[in-house]
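Enquirer: here is my input, please return the structure:
(2 chains)
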Amino acid sequence: MAIHLTDIAASRVQHFLASRGKGIGLRLGIKTTGCSGLAYVIEFVDELQEDDEVFETKGVKVVVDKKSLVFLDGTEVDFAKVGLNEGFQFTNPNAKDACGCGESFTV
Amino acid sequence: MALLQISEPGESTAPHQHRNSIGIDLGTTNSLVATVRSGEVVCLADEDGRSLLPSVVHFGATGTVVGSQALELQSSDPLNTISSIKRMMGRGREDVSQLGNVVPYEFVVSAGSKVPRIHTRSGDFSAVEISAEILKALHDRAVQSTGGDIDGVVITVPAYFDDAQRQATRDAATLTGLNLFRLLNEPTAAAVAYGLDQNADGLIAVYDLGGGTFDISILRLNQGVFEVLATGGDSSLGGDDMDHALGEWIIEQGNFGDINTGLARRILLAARNAKEVLTDTNSAEIVIEHEQQRWQGRIDRDQFEALIQPLLKKTLTACRRALRDAGISKHDIGEVVMVGGSTRVPLVQAMVGEFFTREPMCDLDPDQVVAMGAAIQADILAGNKPENDMLLLDVLPLSLGIETMGGLSEKIIQRNSSIPVTRAQEFTTFKDGQTAMSIHVVQGERELVSDCRSLAHFELRGFPPMNAGAARIRVTYQVDADGLMSVSAEELTSGVTADIIVKPSYGLTDVEIESMLRASMDHAREDIILRLLKEQQVEASRVIEAIDAALAQDGETLLSESEIAQIREHRDALEAVIDTASVEELKRLIKAIEDASEAYVARRMNASVKQALAGKQIDEVDV
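Expert: Have a look, this model is predicted:
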């Protein structure tokens, strides 16, 4: 079981954590909502929950709860710039179908 | 593919529900837009990486452009290229006619409109409409940069902006279709960007030296609420004046002879360049090449500093005045925040630091700091922060009251209440059969309406006639986060309502507010005495009113002629002196009427009880 960050994603996460001034890592997860079933969660982590799994990848602690991990295993998170916009992108091998916007998906 | 941002723990939103919010610094010379992305405040840049958008709008033959493109067209098409529109926000025709000497624009004021418009080839535009063009350009940039709709915006305004200017800024936001969370004072925004709102209470000086304006603001932070104690400055002093001072030095050194516009512009440009170079180095080379002329020279930092020192001394004089207005010493100031590109000049930082005897805060980009503070505030208002994060509040400078009988002001919202705030109070009718009530909204600390400031009059009409004191009229005062006030009145038994919107601080300067406050303290004692007297006078006329009504109804059936005469005598005695008697005298006379009519009141009670019971069996009566 693993989740990957690209180099740029890892360095942006480190930058954002530093500028926030607190937080132990990055939470990735899924929740059941959205136009196409499941939606990605991407949050700062201040404290760990009981069922959290922690990966250390490229200097970033990635925190995923066990339930989400089933759907996120093998996912790669990248940081992309499109025009003036920028942000994190998920490439998830578990996703069978994503809504047009890529914010939610089904498995 | 969606680009996601990192949320605060537990604050993730559903897809397409991201609460994007922006902060806008709508400046005289330049404007900026900032947002909070993955927990970090960033000023949003255009395609070329520039975050400053020159506040210039050009109305061209083929369309409207905003920003650097418009700025480039300023010299070739000055009448259709509008800059510094902020100076005209909320100004009437009289104010603008004064500006007419300074700016080249052609002003038109159409009949029936108070708003002056600038004539361009694309039509006549008000300051609000031109500002809306700038806001639209910033909003477009924000939409492209966040990849979604913007839910709300915070726009900053100078602390000294009066209500008309603030309202004009709101109107510009509305015209652009922005959801304005609130306006925020520029110095407050700067303090927020430095996180000072999370600090302990204290006094903060915000020194804002821009391209063409200088503002000093003294803020007091008290339990998360920023209060502007004093503002000051100079609306025509800034970095441009440094360029001019240096430009004159170059002209002196260069012996250029005749200086045409082109050469003058070259020299100013070179001066600005040298100024910027001198921020990081000790000397700068200046080369002027124009047509046949060429001059090369060198200036070191000491020379430059000697040139600009008189300008900076002027700013310190304004600081001293602001401190005096705030009634504090410079040693009371806890933090000094630097705002505006010109505060990059090392001498500015040194002189301000020396003046306030503390290191000024200048870690953040002084051009961006106001927009950043606005973005932080917008992020909180959009609901992206956990609830324990403080919401920035302002306070009402003066109490808001309502006129009651006798010309007294009943305060509904007390001064120093933090806004937004809503308070309601119930009132009743004074006369039998009254079906309307006039509501007079007043502002100030004094007891008498005549000593307060009148804000608005409106009427609640058409509620059913009732006995005096039976109607229940709930008056609600509401002040929103921008200090805009709405008043509504409802007669609760019938549901009749009326409302009005007013601007409590319309046109009030800090000095006027101060003097209104001082007057209320100076006159505290006499005001209270006067209030007690007025209250007794109102009571006296209520008693007379009630006696007259009763006598007219059943006086002749219940009283003998001599009894009526006796009551009348007391009533007339009271009426004769109602405006001249003392509080005690009025009390005594009212008591006399009550005593004289004691038997009458008893008989009226019996009569009405008898009437109620007439023709009913004892078991039909609810006891």
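
Enquirer: pLDDT weak spots in chain A?
Expert: Scanning chain A for pLDDT under 70 picks out the ranges A:1, A:32-37, A:96-107.

Enquirer: output the longest helix belonging to it.
Expert: helix A:7-20 (DSSP state H).

Enquirer: give the buried residues for the helix or strand following that helix.
Expert: Using DSSP states H and E, the helix or strand that follows helix A:7-20 in sequence is strand A:25-32. In terms of neighbour count (16 or more other Cβ atoms under 10 Å in any protein chain shown), strand A:25-32 has its buried residues at A:25, A:26, A:27, A:28, A:29, A:30. Just so you know, the C-beta spots here come from the backbone N, C-alpha and C atoms, and that holds for glycine as well.

Enquirer: the last one and residue A:72 touch, don't they?
Expert: This points to residue A:30. Yes - look at residue A:30 against residue A:72 with Cβ atoms under 8 Å: they come within range, at 6.5 Å.

Enquirer: nearest residue to residue B:228 other than its sequence neighbours?
Expert: In space, and not counting its chain neighbours, residue B:228 is closest to residue B:159: 4.7 Å by Cβ to Cβ, 6 or more residues apart in numbering or on different chains.

Enquirer: please list the residues of the stretch 101-250 of chain B that sit near chain A.
Expert: With Cβ under 8 Å from any Cβ of the partner chain as the criterion, the stretch 101-250 of chain B meets chain A at residues B:141, B:144, B:145, B:146, B:147.

Enquirer: who touches stretch B:236-245?
Expert: For stretch B:236-245, contacts defined as Cβ atoms under 8 Å, 6 or more residues apart in numbering or on different chains pick out B:209-214, B:268, B:271-272, B:275, B:307-308, B:311, B:314-315, B:340-342, B:345.

Enquirer: flag every buried residue along it.
Expert: B:237, B:238, B:239, B:240, B:241, B:242, B:243, B:244, B:245.

Enquirer: for it, what is the average pLDDT?
Expert: The average pLDDT for stretch B:236-245 rounds to 89.

Enquirer: how about exporting it as CSV, limited to the C-alpha atoms?
Expert: Only the C-alpha atoms of stretch B:236-245 are listed here, as CSV (Å, rounded to 0.1, in the frame of the first residue of the first chain):
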residue,chain,number,x,y,z
SER,B,236,-0.1,64.6,-2.5
LEU,B,237,3.1,63.2,-1.0
GLY,B,238,4.8,60.0,-2.0
GLY,B,239,7.4,58.2,-3.9
ASP,B,240,6.8,60.3,-6.9
ASP,B,241,8.0,63.3,-5.0
MET,B,242,11.3,61.5,-4.3
ASP,B,243,11.6,60.9,-8.0
HIS,B,244,11.0,64.6,-8.6
ALA,B,245,13.6,65.7,-6.0
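
Enquirer: residue A:67 touches residue A:50, doesn't it?
Expert: No - assessed by Cβ under 8 Å, residue A:67 is found out of contact with residue A:50, at 11.8 Å.

Enquirer: who has more neighbours, those two?
Expert: Comparing residue A:67 with residue A:50 by neighbour count (other Cβ atoms under 10 Å in any protein chain shown), the higher total belongs to residue A:67, at 12 against 6.

Enquirer: how about that one, nearest residue that isn't a chain neighbour?
Expert: Nearest one to residue A:67, counting by Cβ to Cβ, 6+ apart, is residue A:51 at 7.2 Å.
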